[in-house]
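Peer 1: Everything below, folded, please.
(chains A and B)
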2 protein chains.
Amino acid sequence: DYPKKNAEILSGQYGINLLLVGLSLMLALSYRGSAVKEEHILSFLISLMILQIIWMLWYIIRKDRQKCFVSEKDSDAGTSWLRGGLTLLALISLIMDAFRIGYYVGYKTCMSPAVGVYPVIHAVHTISQVHFLWFHVNDVIKTFETFERFGVIHAVFTNLLLWCNGVISEAEHLLDTHKRRLLDLGYTNVTVGDKEPHCNCTTNICSIFSHSLYYLYPFNIEYHIFVSVVLFVMWKNIGRIIEYQRHQKVVMRTKGLFAGPILGLIALASTITVLVVYILQVGDSVETRESAVTMFYCYGIVMLLFMCLAGSVGLLIFRSDNLPLDYSKNPSRKLDADLLFGTAIGSWLMSWCSILAVISATTRPVYGWINFMYSLLIIIEKYIQNLFIIESLHRKEETNERDEVETIPEIYSVSAGSSLSLASSYNGIINRAFENQDKVCVSLETDQEDNNQVYSHTGSLPEGSISLPTRSSAKLSKRRRVLKNIAVFLFLCNISFWILPAFGCRPQFDNGMEEKTFGYAIWTTVVNVAMPLNLFYRMHSVASLFEVFRKV
Amino acid sequence: DYPKKNAEILSGQYGINLLLVGLSLMLALSYRGSAVKEEHILSFLISLMILQIIWMLWYIIRKDRQKCFVSEKDSDAGTSWLRGGLTLLALISLIMDAFRIGYYVGYKTCMSPAVGVYPVIHAVHTISQVHFLWFHVNDVIKTFETFERFGVIHAVFTNLLLWCNGVISEAEHLLDTHKRRLLDLGYTNVTVGDKEPHCNCTTNICSIFSHSLYYLYPFNIEYHIFVSVVLFVMWKNIGRIIEYQRHQKVVMRTKGLFAGPILGLIALASTITVLVVYILQVGDSVETRESAVTMFYCYGIVMLLFMCLAGSVGLLIFRSDNLPLDYSKNPSRKLDADLLFGTAIGSWLMSWCSILAVISATTRPVYGWINFMYSLLIIIEKYIQNLFIIESLHRKEETNERDEVETIPEIYSVSAGSSLSLASSYNGIINRAFENQDKVCVSLETDQEDNNQVYSHTGSLPEGSISLPTRSSAKLSKRRRVLKNIAVFLFLCNISFWILPAFGCRPQFDNGMEEKTFGYAIWTTVVNVAMPLNLFYRMHSVASLFEVFRKV
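Peer 2: Predicted coordinates for the structure are as follows:
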């Protein structure tokens, strides 16, 4: 058998190289003088998707034939709400594919066939992938390991490339909008790229298609990155030995939820208001633009202050009750923590650049120091939120009182049972003359057995919680209620901070301060690299906070 | 006590933010219109270094006072040869600081005092840091964990920032050289940045200082990145419980080394020849430039073919003897593997870009397809080499025959002992009438015990090696000899591939093909980001291959 570590490296390196080929194509496309055109990238993506579809088909057919085998499942990966969310995002992606096909039909005389084939294949790919994820995402694969590692990692990186492709299209579109606004405001040294096809649309609704596409893009982008994360967990699980399976159903309790949802919904409503006002005002004149940016920053500061407060209260509650942490191996949780940490870097970099721009500016607009405050709070908020989420995910699930009562006797019955059975099997054969000696021997043995039993069960035993008196338990449930409210509030706030940049509210471009310090080229690059990370961070913390809410 | 996971995130986030502040300063500096000047970055670095020196002093003094405590050591971290290598690099850094001070003295009338203070503080920092690493690098810290995590991570990121600063200076210098060459060859639309101070040198030897500096830079850069890796392992070790300490001294055996060193030295000698010829010819005329680039690629292809061959033979040898892999927890080994994997991405990206440039070019120079071959081989070579090194690092150290003989009886004695003692303690109390029933019971029990004992010992037992006959052992030592030769050969080849780009042999700029496909701006960015990763990859695989050589 081929060593596991080696198969991991072998397939991981294949995946990374796939990504790099795609990236080099995209880099070449972003340079105007290059011979690489859009259809080349699309053909590359089409072939990757077809390969993935074939692999998934093969996997499903093989799995169906071997139905007799009981396969292991990782209960932590691919929870049902995650599958539901993915299906929803996939549906929106399918609508987008339909729009794209419509757009192509209108312009088909002057467009490469690849532009028409791409959405068709993408739709087939989306449907088969959702089917695959729905039934097989928490499989722990044990056969054909090396080959299947290649299949799964191919799927991971295909989705990552589709994400990159979406991100680049989105960034181009937003840059174009930004440039058009600048043109409207009277800046003359701006050239807007010409991306329209060179023929007339034959169906009269092409512009509707192309406009609606940009409202669907953010969902498509999130769909692909989420799928690749979920598949990556599946890849990590290949060949893993699951030590201990809890088949514990977490019942979601919504009792005592009040302040969190109310405040969160207020935040969400004001976010949508701010978004609409911002987009209407920012392209109007220089004055309305300044007031729009100022409004955005003031709104952001209030939101972030509340979020910091909520996170800190949550951390204080964790400090006050000393429950032990759960350090058992769990790839999906480790990945969650790493992703929160890693993707926060994007917005931290943007914030530090903004802070530097404000400090080093010679003339500051009205919103200069407000921008400074906002950026500082963004850094602090992510700092606290990461601590809160990661600690929540690492806490042992607090089992119900009912569960505890059930667990304890079980242990006693096992250990007592084993000592009893041993004693009874010796009962008839014990020579009375050696009774004392014998008793010592048996008790030593049973002690040892007890230890073994207790040791093997500590995984499921909530250590500190057995001896808690009822009053402390009431306190605990009050704390739990506060934590639930905090999780819901942060959940809705993170959705708000995802909506704003996803639908075009990017004051990093409109305030003009950073461009003076870093220059247009560097700043655009920084924002275009950091913003997708920031968007993913927000979406990922939404998912993690939902998990926190369920667990508390 | 504060949860461990939380302290990790807390300090990790602090470190990342430190890095991002520095990066934003460097980004601002690279834009000409910015208010950020070099002295700002230098002051920032100076304050970070002073903070680190204070922390190290505090740590050493506290450690000295608590001498009575026996502290744990991680024997895998900071081996003596690594310390030796670091000291050597540190010495070269000190020479560089002396040159910088001399350069500042010459120009002190028109330079910021920060430029003069920086090398002084840097020298103090280097000396104290080497002292710290020499005595404390493999400490496993157990007290004041949260506070000390901050200290260590501060040191890690201070060194990482010093690395970034070095890399940027180096890249600027090489870009300037490249532009000057283009000017000499008759290209007129190139502007060379003016980095010279605006006054005359007072000591007459300033130009000697500034020229020699650029030959010392590569060593200084490697010094800082290595220190931060070593300190990162120390950070990972904080609060760790070391399960199993082998105090096994690895004796380095050099018997049977012949082909590897000879071939490697030939490779190294030809590398230096190629480097000198390349640098002399590339700036001369367009023809000599083309011939220099062609020569470089041909030389590279031959080298890479041999390296691929050596790596593949090594992997085949691993396949043929089925020794079990060692999966015990070991932060420094995990980091080694991750770094090899992660830093290879840089040169893979460059290679894929080159391949794309060759394929999409409309007119190809003589070396077009040779460049294609070279880039493809670079990808394959790193692929194979990573597999080889990571598998070598994960293999259990083959213990001597003496050790094996000692281990086996111990296990038998334990299991036999336990079954014997049980049997004897029952001997006198067994009723003859129930003999059969009793025997079954006892044997079941002892079986269980045996299993337990064997299970708890497998950690230290070299599994497959017990039943090896002597002939197989001779075969093994022959294989080992081949592996040793391969390791030495790859070691010297990697040094060769580090020397070339580190001292200015960068055909990625000189062949002009990629610039046509990606444009000057994008391609320069790609090379400047990917090249430091590539250099670090080579240096790191040199270190890892030395480790492989010691272990085999």
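
Peer 1: and the gap between residue A:546 and residue B:198?
Peer 2: Separation of residue A:546 from residue B:198 (Cβ to Cβ, to the nearest Å) stands at 60 Å. Yep, even glycine has a C-beta here, placed from its N, CA and C like the rest.

Peer 1: In terms of packing, which of these two has more residues around it?
Peer 2: Applying other Cβ atoms under 10 Å in any protein chain shown to residue A:546 and residue B:198 shows that residue A:546 carries more neighbours, namely 17 against 9.

Peer 1: Quick check: that one touching residue A:81?
Peer 2: Yes: proximity of residue A:546 to residue A:81 meets the contact threshold set by Cβ atoms under 8 Å, at 6.7 Å.

Peer 1: Any stretches of chain A with poor pLDDT?
Peer 2: A:1-3, A:67-71, A:188-195, A:243-254, A:397-473, A:475-476 (pLDDT under 70).

Peer 1: what about 50?
Peer 2: Flagging of chain A using pLDDT under 50 yields the residue ranges A:247, A:400-469.

Peer 1: And the nearest residue to residue A:185 once chain neighbours are set aside, how far from residue A:310?
Peer 2: Distances taken as Cβ to Cβ, 6 or more residues apart in numbering or on different chains place residue A:286 nearest to residue A:185, at 6.2 Å, with adjacent residues excluded. When distances are taken as Cβ to Cβ, residue A:286 and residue A:310 turn out to be 37 Å apart.

Peer 1: Between these two, point out the one with more neighbours.
Peer 2: Between residue A:286 and residue A:310, counting by other Cβ under 10 Å, residue A:310 is the more crowded of the two (26 against 9).

Peer 1: so what does the helix or strand hosting residue A:377 touch, helix or strand wise?
Peer 2: Element membership of residue A:377, judged by DSSP states H and E, is helix A:368-394. Contact here means 3 or more Cβ pairs under 8 Å, 6 or more residues apart in numbering or on different chains; DSSP states H and E; on that basis helix A:368-394 packs against helix A:286-320, helix A:331-360, helix A:470-502, helix A:520-551, helix B:4-29.

Peer 1: Go again with 7 Å.
Peer 2: In terms of contacts (3 or more Cβ pairs under 7 Å, 6 or more residues apart in numbering or on different chains; DSSP states H and E), helix A:368-394 is packed against helix A:286-320, helix A:331-360, helix A:520-551, helix B:4-29.

Peer 1: interface residues of the stretch 451-552 of chain A facing chain B?
Peer 2: A:517, A:518, A:519, A:522, A:526 (Cβ under 7 Å from any Cβ of the partner chain).

Peer 1: Looking at the residues you listed, spot the one nearest residue A:316.
Peer 2: residue A:526 (35.1 Å; Cβ to Cβ).

Peer 1: Might one say that the closest one is in contact with residue A:352?
Peer 2: No: applying Cβ atoms under 7 Å, one finds residue A:526 not in contact with residue A:352, separated by 10.3 Å.

Peer 1: Quick check on these two: which one has the bigger neighbour count.
Peer 2: Each of residue A:526 and residue A:352 has its neighbours counted (other Cβ under 10 Å); residue A:352 has more, 23 against 20.

Peer 1: burial measure for the nearest residue to the more buried one once chain neighbours are set aside, as a count.
Peer 2: Excluding the flanking residues, the one nearest residue A:352 by Cβ to Cβ, 6+ apart is residue B:24, at 4.3 Å. Neighbourhood size, residue B:24 [other Cβ under 10 Å]: 25.

Peer 1: give the contact list for residue B:24.
Peer 2: Contacts of residue B:24 were listed using Cβ atoms under 7 Å, 6 or more residues apart in numbering or on different chains, and they are A:349, A:352, A:353, A:356.

Peer 1: Likewise for residue A:327?
Peer 2: Taking Cβ under 7 Å, 6+ apart as the definition, residue A:327 has no contacts.

Peer 1: what do you get for residue A:198?
Peer 2: Counting by Cβ under 7 Å, 6+ apart, residue A:198 makes contact with residue A:110.

Peer 1: 10 Å instead, please
Peer 2: Residues in contact with residue A:198 (Cβ atoms under 10 Å, 6 or more residues apart in numbering or on different chains) are A:107, A:109, A:110, A:111.

Peer 1: same thing with residue A:150?
Peer 2: Contacts of residue A:150 by Cβ under 10 Å, 6+ apart are A:7, A:10, A:11, A:14, A:15, A:55, A:144, A:235.

Peer 1: my guess is the fourth one meets residue A:154, correct?
Peer 2: Yes: if you go by Cβ atoms under 10 Å, residue A:14 and residue A:154 touch, sitting 7.5 Å apart.

Peer 1: Looking at those two, which one has more neighbours?
Peer 2: Per other Cβ under 10 Å, whichever of residue A:14 and residue A:154 has more neighbours is residue A:154, with 20 against 15.

Peer 1: looking at it, that one is touching residue A:50, isn't it?
Peer 2: No: between residue A:154 and residue A:50 there is no contact, the gap being 11.3 Å when judged by Cβ under 10 Å.

Peer 1: so, in contact with chain B or not, stretch A:309-316?
Peer 2: Yes: residues of stretch A:309-316 are located near chain B by Cβ under 10 Å from any Cβ of the partner chain, namely residue A:315.

Peer 1: buried residues in the helix holding residue A:377?
Peer 2: A:368, A:370-394 (16 or more other Cβ atoms under 10 Å in any protein chain shown).

Peer 1: same thing with stretch A:278-293?
Peer 2: A:278, A:281, A:282, A:283, A:289, A:290, A:291, A:292, A:293.

Peer 1: Other residues contacting it?
Peer 2: Contacts for stretch A:278-293 (Cβ under 10 Å, 6+ apart): A:177-178, A:180-186, A:274, A:277, A:295-296, A:299, A:365-367, A:370-371, A:500, A:503-507, A:509-513.

Peer 1: Figure out how far it is from the centre of its chain.
Peer 2: 33 Å (Cα atoms, centre = their mean, to the nearest Å).

Peer 1: Chain neighbours aside, what residue packs nearest to the closest residue to chain B within the stretch 401-550 of chain A?
Peer 2: Of all residues in the stretch 401-550 of chain A, residue A:519 sits closest to chain B, at 3.8 Å by Cβ to the nearest Cβ. Of all residues not flanking residue A:519 in the chain, residue B:31 sits nearest, at 3.8 Å (Cβ to Cβ, 6+ apart).

Peer 1: what about that neighbour, which SS state?
Peer 2: coil (DSSP: H, G, I helix; E, B strand; the rest coil).

Peer 1: Ok, the one 3 residues further on next?
Peer 2: Of the three states, residue B:34 takes coil according to three-state DSSP.

Peer 1: Kindly provide the distance from it to chain A.
Peer 2: 5 Å (Cβ to the nearest Cβ, to the nearest Å).

Peer 1: residues contacting that residue?
Peer 2: Contacts of residue B:34 by Cβ under 10 Å, 6+ apart are A:356, A:357, A:360, A:516, A:517, A:518, A:519, A:522, B:25, B:27, B:28, B:40.

Peer 1: How many neighbouring residues does residue A:221 have?
Peer 2: 25.
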